[in-house]
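**Student:** predicted structure and sequence below. I'll ask about it afterward.
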Amino acid sequence: MIHLIREYATSQQISEMLQELDTYIKLAVDVERQVLAGGGQLHADCESVLLEDGSEQANVWGADWIPATQQVTYESLINIRPRHDNRALQILDPEIRDRVARITHRLLGGL
């Protein structure tokens, strides 16, 4: 199940987002609006939820959240963006990585 998270996630939302992959949650994070969509099998599905909610594609980045370790990883097909000089699965810009991490920890951390 994919959830659009604008405020601190509930433990039920985390559990529902974990249903698909069990140990981690696929995310798309809007670094401008400071919201995220998480859950499902593909980062692109989460990205679609954000785009439908009004996010601009240039501001949406893919990541994974591992609740057991409270860790963010930054690898996703949606991160390959030649126009933004990101030609890899990883988010290469340290500032964008930091923003994704801060938003993710603020909305999902601690559970």
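**Tutor:** Alright, I've got the coordinates. Numbers count the residues shown, from 1 in each chain.
**Student:** any idea how far the residue positioned nearest the centre of the chain is from residue 67?
**Tutor:** For the chain, residue 27 is the residue whose C-alpha lies nearest the centre (C-alpha atoms, centre = their mean; 2.6 Å). The gap separating residue 27 from residue 67 is 12 Å, by C-beta to C-beta, to the nearest Å. Bear in mind the C-beta positions are built from the backbone N, C-alpha and C, glycine included.
**Student:** and what of residue 102?
**Tutor:** On the measure of C-beta to C-beta, residue 102 and residue 67 end up 17 Å apart.
**Student:** more crowded one of these two?
**Tutor:** residue 67 (18 against 15; other C-beta atoms under 10 Å).
**Student:** my guess is the more buried one contacts residue 22. True?
**Tutor:** No. Residue 67 sits out of contact with residue 22 when judged by C-beta atoms under 8 Å, with a separation of 10.5 Å.
**Student:** and residue 37, what element?
**Tutor:** Using DSSP states H and E, residue 37 sits in strand 35-38.
**Student:** if we look at the lengthiest helix in the chain, which residues are touching it?
**Tutor:** Across the chain, the longest stretch assigned as helix under DSSP state H is helix 94-108. The contact list for helix 94-108 (C-beta atoms under 8 Å, 6 or more residues apart in numbering) reads 5-9, 14, 25, 27, 29, 31, 34-36, 38, 61, 63, 65, 67, 70, 72, 74, 91.
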